[in-house]
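Mind looking at a prediction? Sequence and model below.
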Amino acid sequence: MKITYFVNAMMLLEGENTRVLCDPWVTFERTSRSGLYNFPETTLSRNDVSALNPDFIYITHTHADHFDPDTLSLFNLSTPVIVSYYEHNFTERAVRRLGFTDVRVSDPKTGLLLNGQDRCWLHPSEVYSEVDSLGIFCIDGKRILNANDNPFHEEQLTLLKNLYGPIDLACVPFNYLGPYPAFYENLTPEEKTREAQRKTERNYETLANFIRVLTPEYVFLFAAEALYGGDKALLYPYYGTGQAQDAIDYAQSIYDFTPVLLSEGCQFDLHTGQRFGEFNERGFSSERGYVESISRISGPFDEGGNFYIAPSERIDLTRMLTTARLNQKKWQDRTDTKSQATYFIDVGESELYRLSLANTKVTRVKENNIDDERYEIFRIPYSLLVGLLTRHFNYSNVKTQHMSFFRKPNLFDPELHILMSYLQI
């Protein structure tokens, strides 16, 4: 059984009978419909990707760096696509909408039969059970865990290990993308630097926890390596992403394990323990020219972009937001969310929209006149807000690429951010 790595969470698991391509995502020729770009830049061409011709494609979840319609369009629509079971299976529906005719949902107990005696079991993440998934693959008798960019959950990992036996190769994250601290305007550059370092250290600690619980024979560090477009590309030093070798050094100071380091095109053979290809770690300094190029690319919501709405065409969105807030309240009640959080939406006009999880009222206020002691501001392009309200876009897929934030005090409210996905008419 061999694993070939490409970029981010894109890798090929290849056995005697089965070839599974995980999360194919390539931003060819520095183009991206989502506003998220490969990092480091990949040399893969469209012909290279289509030539992979996998037996199965595994989509772990529908975030833009894992589910990319442009890359998926390079494969035959009869290719079996495997996805996890979810109570509300957004992933299955998204794949079917692309025209794939053979979408297989993994049974939570029996899993899915691949080719020959190979099999996989795909499980929803215990942390984000409607979005992420973890995959256990048994190919050529070797057990591989694909954790992509799942948060650490000790009970779930322990259960998976007990159910499926010792893990030969654990593919686990050492970075996690997200808007904090890079895109939070309440932080000074010095504060962003400190918070980014803390985030990096927490990520390394998470890696160590994966290793502690799984005790795999080999550990492959991957996932959550991407670049945001436009001006946000230049904020890369504040993303809080680390380097693979630093993560290994941290984890090996605590636990004994054998790391696998792979760059694009490198391959690892689980039977022999051999690596083919040279590992070359690249970061902000080595990729500076690429970063600056991406920073000059305008987005779809900028003037001249496909979804830009000119100021002369804009309307007051209070009525739409009121309807959307009522729908958000239904999900709030369904999930028994008790948060009283107040939040504002800034679309670049003289007044912000004020909403609160404590009621369903929508009002407008100038930012200088905010008198709430605790709140968060979501700065959203006007046309993106319209798209979010009308369900053309999903909050979790666009928040980091196209939004910025301000919060007082500097405390994360996870319930508010989860509910923002349900602010829709």
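Yes, it's here.

Helices of the stretch 101-250 of the chain, residue ranges please.
Counting by DSSP state H, counting those that start in this stretch, residue ranges of the helices within the stretch 101-250 of the chain are 154-164, 189-214, 244-252.

For Gln328, grab phi and psi.
Note on Gln328: its backbone torsions stand at phi -60, psi -40 [degrees, to the nearest 10].

Offset the numbering so it begins at 47, please.
Yep, numbering from 47; the last one is Gln374 now.

tell me the residue furthest from the middle of this structure?
Asn415 (35.6 Å; C-alpha atoms, centre = their mean).

Need the phi and psi values for that one.
With angles defined as degrees, to the nearest 10, Asn415 shows backbone torsions of phi -100, psi 10.

how close does it sit to Asn196?
Distance from Asn415 to Asn196, counting by C-beta to C-beta, to the nearest Å: 42 Å. The way it works is simple: take the backbone N, C-alpha and C, and place the C-beta from them, glycine included.

And Met366, by the same measure?
For Met366, the distance to Asn196 equals 34 Å [C-beta to C-beta].

ok, now Asp382?
The gap separating Asp382 from Asn196 is 24 Å, by C-beta to C-beta.

The two: which has the busier surroundings?
More neighbours surround Asn196 than the other of Asp382 and Asn196, with 27 against 6 (other C-beta atoms under 10 Å).

who's in contact with the more buried one?
Applying C-beta atoms under 8 Å, 6 or more residues apart in numbering to Asn196 gives the contacts 171, 173-174, 178-180, 219.

can you tell me which residue is nearest the centre of the protein?
Residue closest to the average C-alpha location in the chain (C-alpha atoms, centre = their mean): His109, at 4.8 Å.

Correct me if wrong: it contacts Val177.
Yes: counting by C-beta atoms under 8 Å, His109 does reach Val177; the two are 7.4 Å apart.

Return every residue with contacts to both of the two.
Ser442.

excluding its backbone neighbours, what's nearest the residue nearest to the centre of the chain?
With sequence-adjacent residues excluded and distances taken as C-beta to C-beta, 6 or more residues apart in numbering, His109 is closest to Asn443, at 6.0 Å.

who's in contact with that neighbour?
When contacts are counted by C-beta under 8 Å, 6+ apart, Asn443 is found next to 80, 108-110.

and of the residues you listed, the nearest to Tyr421?
Proximity to Tyr421 was ranked across these by C-beta to C-beta; first place goes to His109, at 26.8 Å.

Wasn't the closest one part of a helix?
No: inclusion of His109 in a helix is not indicated when DSSP: H, G, I helix; E, B strand; the rest coil is applied; the result is coil.

for it, what are its contacts?
For His109, the contacting residues are 177, 195, 442-443, by C-beta under 8 Å, 6+ apart.

Most neighbours of all the residues you listed, which one?
Compared across the contacts of His109, Asp195 has the highest neighbour count, 24 neighbours, by other C-beta under 10 Å.
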